Structures are given as structure tokens and as C-alpha cells.
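Undergrad: kindly generate the corresponding structure for this input.
(one chain, ligands or ions: 4)
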Amino acid sequence: MFRLFALLCFGVTCDTVATRNFRMPVNNRPIIGILTQEVDETVMQPFGNSYIPATYVKYLESGGSRVVPIRLNQSEAEYEKIFKSINGMLYIGGAANLVTSDYAKAARVFFQLALKANKMGNYFPLWGTCMGFQLLTVMVAGENLLSNTTAENLALPLNLTEEAHSSHMFKDFPANLLKAISHEPLTGNFHHYGVTETAFRGDEKLSQFFSILSTNVAENGAVFVSTMEGKQYPFYGVQWHPEVNRFQWHPKKQFPHSSNAVRVSSLLAEFFVNEARKSSHHFASPEDEASALIYSYTPVYTANVTSYEQCYFF
Ligand SMILES: *[C@@H]1O[C@H](CO)[C@@H](O)[C@H](O)[C@H]1NC(C)=O
Ligand SMILES: *[C@@H]1O[C@H](CO)[C@@H](O)[C@H](O)[C@H]1NC(C)=O
Ligand SMILES: *[C@@H]1O[C@H](CO)[C@@H](O)[C@H](O)[C@H]1NC(C)=O
Ligand SMILES: *[C@@H]1O[C@H](CO)[C@@H](O)[C@H](O)[C@H]1NC(C)=O
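TA: Ligands and ions are numbered 1, 2, ... in the order given. Modelled structure (predicted):
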């Protein structure tokens, strides 16, 4: 055991990080998987069957991670092999059925693998943005608790809960930025559905699994959960879009671009990549790693047909 540890440290790094439950060597070459999503908008259909907005890739790269796109419709054995090769996973926003889509099916496979791994002390973080947040609630609750919480093209401050101040997600935020995120519209919302605070707190599975870190008020007055983190597991969800603050520019969209908005986006990207540094999963060989990374794909210009400047298609 000691020998193995020494070998892992040699030539890489001998730092250790305190994870939630144990200490392990830091992986300073993290790779995060992004699950692709089926193309639903007809404007994107000419380009491919599935896609990832380049925004999410840039977001993770900005925190010091590399990205592997994960295609839909693969076997569980293939997904397990990928799972053992990557250090975390991000579920993107978009539009797909949360139970029956190929996206949801693949997401569930990774969710179960991550749950099992973390239970055994094999640290593996998950992040869900917007629809990815919604998907996490469906997978944890085992049912769809979403209702109309429309906040479409609306930048809002967060109403932070008391738990936010002792949370993992916000622990590296300086006091002045926590104050700014509570008062300035730094979080872009682009959703029709969400989980109300009442539905969330009323569901035993959800409220035992996740702490609510912030809430917001929807256009119809409903109070919805906007940020959450796992109590025991490194699973994180935002109903809003931290990545747009730095990487999307459509002039008709309320993408927050102030310097505080940029800092919020940077700190959360760094936070999640730091979580991935606690995972020691790796590809079987440098060749396998190179062929899986997103670098061999070229993003396509889509600003003329969507509010994403660039997307990867598969
Ligand atoms: C996945 O497989 C289904 C059923 O064969 C097919 O309809 C769908 O287009 C495939 N999805 C992708 C993204 O290729
Ligand atoms: C923020 O949430 C608290 C309860 O957590 C509530 O009492 C308060 O009214 C909310 N403020 C806003 C501006 O929504
Ligand atoms: C949600 O509520 C808003 C405001 O009441 C309404 O305008 C909208 O049509 C509703 N959306 C859905 C999907 O039901
Ligand atoms: C949008 O731009 C792409 C890339 O330049 C081009 O292939 C496509 O035809 C354009 N679509 C429209 C509707 O202008």
C-alpha cells in the first residue's frame, strides 16, 4: 500500500487534499466527461445527431480540466469503461425528456456508477446545470417533481440559504463576492420548469440527499431551488447557467458579463475542477486518452442559428 502510494507520488505531486472523508494524492491532470445531448432544434439537425455547446467545454477548460465528450447510445460496459477513465462528469442544459431520452438513459448509468463509487470511497464528482440540475433531482427522487417555475432569459441575484455560507460550493468565495451574488443579477436563468422549495423540502429523498444553497422567485411567483449540493456526495446542481457569464454573448440574452459575474463563473469552474482533482481514475493508455479527448473535434459556428456561438456535433 505504501509502495503504491509512493509510486503515485513520484514525479507527479506529493500534495494531498482533504476530501470529504479521506486524504488522497491530487490529480493535476483531471479529465471531465460531458454527456452529449440529442439535437432537438431543427436548425441544428443538419450538423449532427447530438451536440455539446462549446460553452461548457470552455468553462471546464478554464478551471484546468480537459474534456471528453461522451456519446449517447453506448452499452453499459462501454460507459463503465469511460467512467473508470474520467474524473468527473457534467450534465449540460438543453431540452430532452428527463426519463425516456437517450440522454437521460445514459445519465442514469453514470449517476449509478458515481453513487456506487463514492459509497466505496472512490471520489467522483457530478455537476448538473439547468436541465442537468433537473435531471439530478429526478434521479435522486426517483420521480419527476418539476413544475412551472419559468424564469426565461432573466438574470437574478441568488437568495442564499444559511447552509450556503458553510457549503463546499461557496467556501472559496470571498465575502464581497457572496454579497454581490446576493444583490446583483449575476445568475442567468433560461428555464420553464424547476423544483419549488416546497416540493423539494417535502420530498424525503431529495431533502435528505441535497442541501438547498439558494432559492429564487419565478415569473409566476413560485419559489424554486436554484443551487444545491449533496450532503454526503460531491454532487452539485445549478438551475442557472454559470458558463454563460464568460462564454456566451447573444445581445438579446441576459447573460451577466460584469466583472463580478465573471468571477462567479471562474470560481465555480475552478471549484468543480478541484473536485475532479480528487479522482484518480485514468485512461488505460495515453493513446486511449488522446483519442477520447475533445481536441480532435472541431466546433461549428452556430451564432447565426442559436444563442450558442459554437457547438460541437457528433
Ligand atoms: C440512439 O438510438 C436510437 C434508436 O436506434 C436512435 O433513434 C437515435 O437517433 C440514436 N441517437 C443518437 C444521438 O445517435
Ligand atoms: C429569501 O428566502 C427566505 C427564506 O429562505 C425568505 O424569507 C425571503 O423572503 C427570501 N427573499 C427573497 C428576496 O426572495
Ligand atoms: C408558466 O407560468 C407562466 C406564468 O404564469 C405562464 O406564462 C406560462 O405559460 C407557464 N408555462 C408553462 C409551460 O406552463
Ligand atoms: C449559419 O452558419 C453556418 C456556418 O457558417 C452555415 O453553414 C449555415 O448555412 C448558416 N445558416 C444560416 C441559416 O444562415
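
Undergrad: can we go C-alpha only for contacts and neighbour counts from here?
TA: Fine.

Undergrad: give me the neighbour count for the residue lying closest to Phe83 once chain neighbours are set aside.
TA: Among residues not flanking Phe83 along the chain, Phe110 sits closest, at 7.1 Å (C-alpha to C-alpha, 6 or more residues apart in numbering). For Phe110, the tally of surrounding residues (other C-alpha atoms under 10 Å) stands at 20.

Undergrad: check Arg108 too.
TA: If you count neighbours by other C-alpha under 10 Å, Arg108 ends up with 18.

Undergrad: do you know the pLDDT at it?
TA: At Arg108, the predicted lDDT confidence score is 97.

Undergrad: that one: what secondary structure?
TA: helix (DSSP: H, G, I helix; E, B strand; the rest coil).

Undergrad: before we move on, what about Ile32?
TA: strand.

Undergrad: any stretches of the protein with poor pLDDT?
TA: Along the chain, the parts satisfying pLDDT under 70 run over 1-24.

Undergrad: host element of the residue nearest the centre of it?
TA: Closest residue to the average C-alpha location of the chain: Trp127 at 2.8 Å, with C-alpha atoms, centre = their mean. Assigned by DSSP states H and E, Trp127 falls within strand 126-129.

Undergrad: check which helices and strands that strand sits against.
TA: Applying 3 or more C-alpha pairs under 8 Å, 6 or more residues apart in numbering; DSSP states H and E, we find strand 126-129 packed against strand 88-91, helix 131-141, strand 235-238.

Undergrad: wouldn't the residue nearest to the centre of the chain be in contact with Leu90 here?
TA: Yes. If you go by C-alpha atoms under 8 Å, Trp127 and Leu90 touch, sitting 4.7 Å apart.

Undergrad: got the contact list for the residue of the stretch 51-200 of the chain found nearest ligand 1?
TA: In the stretch 51-200 of the chain, the residue found nearest to ligand 1 is Asn73; the distance is 4.9 Å by C-alpha to the nearest ligand atom. Residues counted as contacts of Asn73 (C-alpha atoms under 8 Å, 6 or more residues apart in numbering) are 102, 106.

Undergrad: now it: which helix or strand?
TA: Going by DSSP H and E, Asn73 is not in any helix or strand.

Undergrad: three-state assignment of the closest residue to ligand 3 within the stretch 1-150 of the chain?
TA: Proximity of the stretch 1-150 of the chain to ligand 3 (C-alpha to the nearest ligand atom) peaks at Asn148, 4.9 Å away. Recorded secondary structure, Asn148: strand (three-state DSSP).

Undergrad: next one: the one 3 residues further on
TA: In the three-state summary, Ala151 is assigned as strand, counting by three-state DSSP.

Undergrad: do the same with Thr198
TA: helix.

Undergrad: for stretch 261-275, list the C-alpha coordinates in CSV.
TA: Provided in CSV are the C-alpha atoms of stretch 261-275 (Å, rounded to 0.1, in the frame of the first residue of the first chain):
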residue,chain,number,x,y,z
ALA,A,261,-20.3,37.8,-12.9
VAL,A,262,-17.0,36.6,-14.5
ARG,A,263,-15.6,35.9,-11.0
VAL,A,264,-18.6,33.8,-10.0
SER,A,265,-18.2,31.8,-13.2
SER,A,266,-14.5,31.4,-12.7
LEU,A,267,-14.7,30.3,-9.1
LEU,A,268,-17.3,27.7,-9.7
ALA,A,269,-15.4,26.2,-12.6
GLU,A,270,-12.3,26.1,-10.5
PHE,A,271,-14.3,24.6,-7.6
PHE,A,272,-15.6,21.7,-9.7
VAL,A,273,-12.3,21.0,-11.4
ASN,A,274,-10.7,20.9,-7.9
GLU,A,275,-13.3,18.3,-7.0
